[in-house]
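Engineer: just need the structure, nothing else, for what follows:
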Amino acid sequence: MMFFPVHFLKFWDFNSGETLTVRLVAAALFGIGGNSLLMSRGGIEKYITMLNLKIIWSLAAISGIFLTILEGGPVSLYFFLSIFVLFFFIWFFYRIKLKNAVY
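Structural biologist: Sure thing, here's the model as predicted:
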């Protein structure tokens, strides 16, 4: 996404040639993934903070993807929607599991 955004867009059947948005999404993925890696050994409080961020992020992504589907976006969006729904449920499961861990 960062280095070949046009190929990424064509592969997923997006008609836009606008590459900035794709690179910004890639930057967000690098940031969230990198921060998760750095915080993975930071203790339960930091882990819960990252889970909260990921839950909020996945809900926002699900909303954005769903709105784009309603506007007639490409069929490939269902693939991305399913990924974010899966991530949401995994992260939410662990957040509930750790609900009383800090308190």
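
Engineer: spit out the contact partners of the closest residue to Asp13 other than its chain neighbours.
Structural biologist: Closest residue to Asp13 apart from its sequence neighbours, by Cβ to Cβ, 6 or more residues apart in numbering: Pro74 at 4.2 Å. For glycine as for every other residue, the C-beta is placed from the backbone atoms N, C-alpha and C. The contact partners of Pro74, by Cβ atoms under 8 Å, 6 or more residues apart in numbering, come to Trp12, Asp13, Phe14.

Engineer: which residues in this protein form helices?
Structural biologist: Counting by DSSP state H, the chain has helices at residues 5-11, 20-39, 44-70, 77-97.

Engineer: including mean pLDDT and mean neighbour count, could the ones you listed go into a markdown table?
Structural biologist: Output for those, formatted as a markdown table (pLDDT from 0 to 100; neighbours: other Cβ atoms under 10 Å):
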| stretch | mean pLDDT | mean neighbour count |
| --- | --- | --- |
| helix 5-11 | 88 | 14 |
| helix 20-39 | 86 | 13 |
| helix 44-70 | 91 | 15 |
| helix 77-97 | 93 | 14 |
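
Engineer: check contacts around Leu51.
Structural biologist: So Leu51 contacts Trp91, Tyr94, Arg95, Leu98 (Cβ under 8 Å, 6+ apart).

Engineer: measure Ile96 to Phe30 for me?
Structural biologist: Plainly put, Ile96 is 28 Å away from Phe30 if you go by Cβ to Cβ, to the nearest Å.
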